[in-house]
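Trainee: pasting the structure only:
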Ligand code: AMP
């Protein structure tokens, strides 16, 4: 068993509402949704924070965003719009140390964020 919660989801050691998977990425519904649609999209590679990204991750990060747009369209969010967020470390509000893109939609978002 790993200490990384999201690796446990990738390895099916804990359950999640998985909505998308390919060789590199996994997407599942957030357990504590902050919007009518709240989906997390993660790489299968263990990368702790955005600070740990390297040039070799460039293509994977692009695929993460393309998957977010594809899922947003499937969830019916494309026209009204949505938000994607990646939190980093304490001030960013990161709680799970395996990078993930939040896809939030289905309601009006405010700006600036709290
Ligand atoms: P962050 O604060 O950016 O690290 O976001 C972590 C997110 O993971 C939060 O929105 C949590 O609600 C979500 N989360 C934590 N545990 C689970 C889980 N077991 N299944 C799905 N989402 C989770």
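Mentor: That came through fine. Small disclaimer: the values here were computed from a predicted structure and weren't measured.

Trainee: so which elements touch the longest strand along the chain?
Mentor: Secondary structure of the chain per DSSP state E: the longest strand is strand 37-43. Secondary-structure packing of strand 37-43 (3 or more CB pairs under 8 Å, 6 or more residues apart in numbering; DSSP states H and E): helix 5-10, strand 25-29, helix 58-74, strand 101-105. Every residue, glycine included, has its C-beta placed from N, CA and C.

Trainee: partner strands of it, parallel or antiparallel?
Mentor: Taking DSSP bridges as the criterion, strand 37-43 pairs within the sheet with strand 25-29 (antiparallel), strand 101-105 (antiparallel).

Trainee: now it and helix 58-74, what's the angle there?
Mentor: Orientation of strand 37-43 against helix 58-74 (axes from the mean of the first three to the mean of the last three CA atoms, to 10 degrees) gives an angle of 160 degrees.

Trainee: off-centre distance for strand 37-43?
Mentor: Remark: strand 37-43 is offset 3 Å from the chain centroid, using CA atoms, centre = their mean, to the nearest Å.

Trainee: mind listing residues that contact it?
Mentor: Applying CB atoms under 8 Å, 6 or more residues apart in numbering, the contact partners of strand 37-43 are 6, 10, 19-20, 24-30, 57, 60, 64, 67-68, 71, 75, 77, 82, 98-106.

Trainee: make a PyMOL selection of the buried ones in those.
Mentor: Typed into PyMOL, the next command selects the buried ones out of the contacts of strand 37-43 (criterion: 16 or more other CB atoms under 10 Å):
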select buried, resi 6+10+25+26+27+28+30+60+64+67+68+71+75+77+82+98+99+100+101+102+103+104+105
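
Trainee: and the ligand, which of the contacts of strand 37-43 reach it?
Mentor: Near the ligand, judged by CB under 6 Å from any ligand atom, the entries from the contacts of strand 37-43 are 28, 30.

Trainee: quick check, residue 88 in contact with residue 52.
Mentor: No: look at residue 88 against residue 52 with CB atoms under 8 Å: they stay out of range, at 9.7 Å.
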